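Participant: model the following, please.
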Amino acid sequence: MRTTSLPGTAREHVGIRTFGYVFVPPTLVVLAVGVVSVATGHPVATFTMEPTTALGGAPYVGAVSSLGCYGWAAAIGIFLLGACLLYDGMRRRDAAFLACSALITGYLLADDAFTLHEAVLPAVGIPEFVTYLAILAVIGAYAAAFHAEIRRSAWLFLGLAVLLLGGSVAVDAAWEILEPARGANIEQLAEDAAKLLGISSWVGYAALSVRGLVRARFAGTGGR
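Facilitator: As a prediction, this is how the structure comes out:
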C-alpha cells in the first residue's frame with residue numbers, strides 16, 4: 001500500500017489504512033448507537049451520556065469503579081504500543097504475546113464497564129460461574145501458549161494481579177453465600193479494594209513487561 005508523509009503526522013508515513021484504524025471504530029460505534037436507538041425506541045442520550053448525568057447521580061458515584069476502568073484502558077494502551085514497536089522490530093512472537101495480553105485486558109475492561117458477567121450474560125442464559133470458568137480457561141490457554149514470554153515478563157505482578165482479582169471474586173462469592181445481616185460496607189470495601197489493587201498490579205505487569213521486552217529488542221540491535 002502506498003504511503004506518504006503528510007504535514008502534522010510527525011513525519012510518519014501515513015496511508016489510508018492509518019485513517020481507517022483511527023476513524024472507522026468510533027464511526028461504527030456511532031452507527032451502532034443509531035441502529036440500536038431506532039430498534040429499541042430508547043433515545044440516543046441513553047447510550048451516549050455519562051451514567052451519572054443520565055441517572056441524575058452525584059459525580060462521585062462509582063468513582064473507584066471508573067478508576068479501575070481507566071487502569072484497564074491504560075494497560076491496553078501499553079500492551080498495544082509495545083506490540084507495535086516489537087512487530088516493527090521483527091520480534092513477532094513477543095508482539096503476538098503483547099497483542100493477546102491487550103485482547104484479554106480488553107475483555108476485562110468490557111466486563112467491568114458493562115457488568116457482562118453480572119447482568120448481560122446471565123440475561124441471555126449464561127450463568128456467572130460459567131463466565132468465570134471461561135475466563136480461567138482463556139488465561140490458562142494464554143499462559144500455556146506464551147509461557148516462555150511470561151517467564152521473561154514481569155510475572156510477579158501478573159501473579160499478584162491474578163491473586164488479588166481472584167480474592168475480590170472470592171469475597172463477593174463468600175458474602176453472597178453467608179449473607180450476613182451486618183457488615184456490608186466492610187465486604188464492599190474489601191472486594192473493591194482487592195479489585196483495584198489487582199488492576200493496578202495488572203498495569204504494572206503491562207508497563208514493566210513492555211519496557212523489558214522493548215529494551216531487549218534494542219539491546220539485540222545495539223540501540224539504547
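Participant: what secondary structure does the residue lying closest to Gly68 once chain neighbours are set aside sit in?
Facilitator: Excluding the flanking residues, the one nearest Gly68 by Cβ to Cβ, 6 or more residues apart in numbering is Ile199, at 4.9 Å. Yep, even glycine has a C-beta here, placed from its N, CA and C like the rest. Under DSSP: H, G, I helix; E, B strand; the rest coil, Ile199 falls in the helix class.
Participant: what's the helix or strand that contains Ser101 packed up against?
Facilitator: Of the helices and strands defined by DSSP states H and E, Ser101 is found in helix 92-114. Where contact means 3 or more Cβ pairs under 8 Å, 6 or more residues apart in numbering; DSSP states H and E, helix 92-114 is packed against helix 63-88, helix 128-145, helix 147-151, helix 184-221.
Participant: and the helix or strand just after it, how far out from the chain's middle?
Facilitator: The helix or strand immediately downstream of helix 92-114 is helix 121-123, counting by DSSP H and E. Chain-centre distance of helix 121-123: 20 Å, with Cα atoms, centre = their mean, to the nearest Å.
Participant: what's the domain layout of this structure?
Facilitator: Taking automatic domain parsing as the reference, the chain has its domains at 1-48, 58-221.
Participant: most tightly surrounded among those?
Facilitator: The highest average neighbour count among the domains of the chain, using mean count of other Cβ atoms under 10 Å, belongs to domain 58-221 at a mean of 16.
Participant: on that earlier part again, dump the domains of the chain into a markdown table; add mean pLDDT as well.
Facilitator: Output for the domains of the chain, formatted as a markdown table (pLDDT from 0 to 100):
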| stretch | mean pLDDT |
| --- | --- |
| domain 1-48 | 88 |
| domain 58-221 | 91 |
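Participant: picking up where we left off before, spit out the contact partners of the residue nearest to Gly68.
Facilitator: Contacts for Ile199 (Cβ atoms under 8 Å, 6 or more residues apart in numbering) come out as Gly68, Gly71, Trp72, Ala75, Ala161, Leu165.
Participant: how about the nearest residue to the third one, chain neighbours excluded?
Facilitator: Spatial nearest neighbour of Trp72, chain neighbours left out: Leu109 (3.7 Å); criterion: Cβ to Cβ, 6+ apart.
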